[in-house]
Structure formats: C-alpha cells, structure tokens
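> Build me a structure from this.
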Amino acid sequence: MRFTWGVLAYNVAVVLWGAYVRAAGAGAGCGNHWPLCNGEVVPLSPGLNTLIEFTHRATSGIDLALIALLVVWAFRAFPKRHPARLGAVLSTIFLMSEALIGAALVLLEHVAGNTSVNRAYSLSAHLVNTLTLLACLTLTAWWAAGNPPLRPRGKPAVLAAITLGSVMLLGVTGAIAALGDTLFPARSLAEGLAQDFSASASIFVRLRWIHPVLAFLVALWVLRFALVNGSRLGRVVAFLLSAQLFAGMINLLLMAPLWMQMAHLLIADAFWIALVLCCAEFVSARLALARPISSL
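Predicted coordinates:
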C-alpha cells in the first residue's frame, strides 16, 4: 500500500514539473521532436529550456516504469477481481493516454508561445486526463488499504459525480487562466483587469474571469458536500478548499508569479486527491448514508 501512495506522490511531482515547463515557456525545449529531444536520445549540450523539457520527459519515463511495477504488484498481491487490480490497470491506460496527449502537444506545437485557440482544447484534454490518472491512482491506494469495491448507483453516485465533475471543470478554467497569465503577463492588477474586458485581448485573457467566478460557485457546493458528509475526510477537503481559495486570491493579487502558481497547483492536487477519497467514502456501501443524503 505504501508503494501505491508513493507512486501517487511521484505523479503529483511529475504534474508539478509539467506545469513548471508550461509556466517557464520551456515546452518547445526539445523542438517538435517526440520521443527524441531535438533529434537526440539524450541532448549533449542542452540549453536551459531543453534541460527543463528533457527532465520532464525523463521523469515521465520513470513514471511509466513505476506504474508498470504497480500493475505487477497489484496482480501478485491481490486475488482475481480485486478492485486494486482494476485501479492499477486503469492507471496504466490513463498514463499511456497522458503520454500520447503530451506527444500531440509537442508535435502540434501547442507549447511555448503558441496562442492558437486549439491549444485551449489540447490543454483541457491534458488536464482532464491528468486528473483522471490521479483519481485512478488514488482509488488504487484506497482499495489496496482494504476498502470495498465501489458500486456507483443512485443518489450518492450522482452527487459524487457532480462534485468531481464540477471540480474538474474548475481545473480546466484554471489551466486556461494560468496559460493566459503566462502568455500575456500584466504589470499590475489594474492592467490585468483591463485586459480581461478588452475586445482586442486574446481569448485566453478574456476567459480568465470565468475561473474566479466558477471557483466561488463550486466552493459553495463542495463545502456543503464535504461538511454534510461529516467525516474526517470531509473536514480535510473543506480545509484544503479554503487553502486553495486563499492561494488563488494571493496568486491574483501578486499577478501570478511562478512560485505562487506552483503552490496553487500543489494545493489543488492535494485537494483533488482528498476529494476523490471523500467521494469514494461517500458512495461506499459500508457507510450509513441515509441521513446526509437526504439533507443535500
């Protein structure tokens, strides 16, 4: 079980480094080559951007090996039809799709200073796949700890799906807002607000206002879901959500410096993992859910 949590933590680190690649404008560090880096297996005289991008690719390759070991471990440690086996297989599938989406970003040149609208679609697909991968790894660890299989049906499943889906949508708007901050940085908060409502501004900038508005609405729903759930995990979710909202406000006031973007993303990943566990607990057949369900 510790190995599963370790693989999950490593994936969070890979996600953070991938965000650093985007924020640092180093996505084209290996050119439009994949899986090679500027036509080389290992760049011999890399510049800074090449080193940043190549490091991300190298850590992703290590991730592939770790999840392969996770599958082997799950099939050796658990009997047939155990949910931990399913979680490990799904993690492998979404890691492979993660790699393919990453390759598409490079080959289509949806990196570095690319400002095309199509980049928003590829970025959104990448983010949704990343969150799904983290959810699969989280559930693998949940099942490896001896928790029962999930049987999503009825109102608990609907509420959990709405909660996870709304947070995933919020993540997409956050990724687009972060891209706008990277591509079109503002020198002051007033200048940034003026950009948001300028007809001549990029679509990435004009969509930034959606993220804080949606964050407020989603926060109200998630807080109610987490606190009505009444468990320790629910309180953890509420705490991390509050920390995330505070980090978002600081990020806005400081004009999204790189270090604050990374801190904001780290809290977001921790919040997502806690929320997946909270939803798993919520729909689990072993919990007495009648009272909290009826009150939502």
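> Going by C-alpha atoms from here, please, whenever you check contacts or count neighbours.
Will do.
> element containing Ala215, please.
Element membership of Ala215, judged by DSSP states H and E, is helix 210-229.
> right, and the helix or strand after that helix?
In N-to-C order, the element after helix 210-229 by DSSP H and E is helix 232-253.
> Name the next helix or strand downstream of that next one, please.
Following helix 232-253 toward the C-terminus (DSSP H and E): helix 258-283.
> between that following helix and helix 210-229, how big is the angle?
Orientation of helix 258-283 against helix 210-229 (axes from the mean of the first three to the mean of the last three CA atoms, to 10 degrees) gives an angle of 40 degrees.
> Okay, buried residues for helix 258-283 please.
260-283 (16 or more other CA atoms under 10 Å).
> repeat for stretch 123-135
Buried-residue list, stretch 123-135, by 16+ other CA under 10 Å: 123-124, 126-135.
> For the helix holding Ala215, give me every contacting residue.
Residues from elsewhere that reach helix 210-229, judged by CA atoms under 8 Å, 6 or more residues apart in numbering: 163, 166-167, 170, 173-174, 177, 233-235, 237-238, 241, 245, 278, 282, 292, 295-296.
> buried subset of those residues?
So, by 16+ other CA under 10 Å, the buried ones in these are 163, 166-167, 170, 173-174, 177, 233-235, 237-238, 241, 245, 278, 282.
> Where do the strands of the protein begin and end?
With DSSP state E as the criterion, the chain has no strands.
> Excluding sequence neighbours, find me the nearest residue to the residue nearest to the spatial centre of it.
By CA atoms, centre = their mean, the chain has its centre lying nearest to Leu131, at 4.1 Å. Leaving aside its chain neighbours, Leu131 sits nearest to Met168 (7.3 Å; criterion: CA to CA, 6 or more residues apart in numbering).
> and Glu78, backbone torsions?
Not quite, residue 78 is Phe, not Glu. Phi and psi for Phe78, reported as degrees, to the nearest 10, are phi -130, psi 150.
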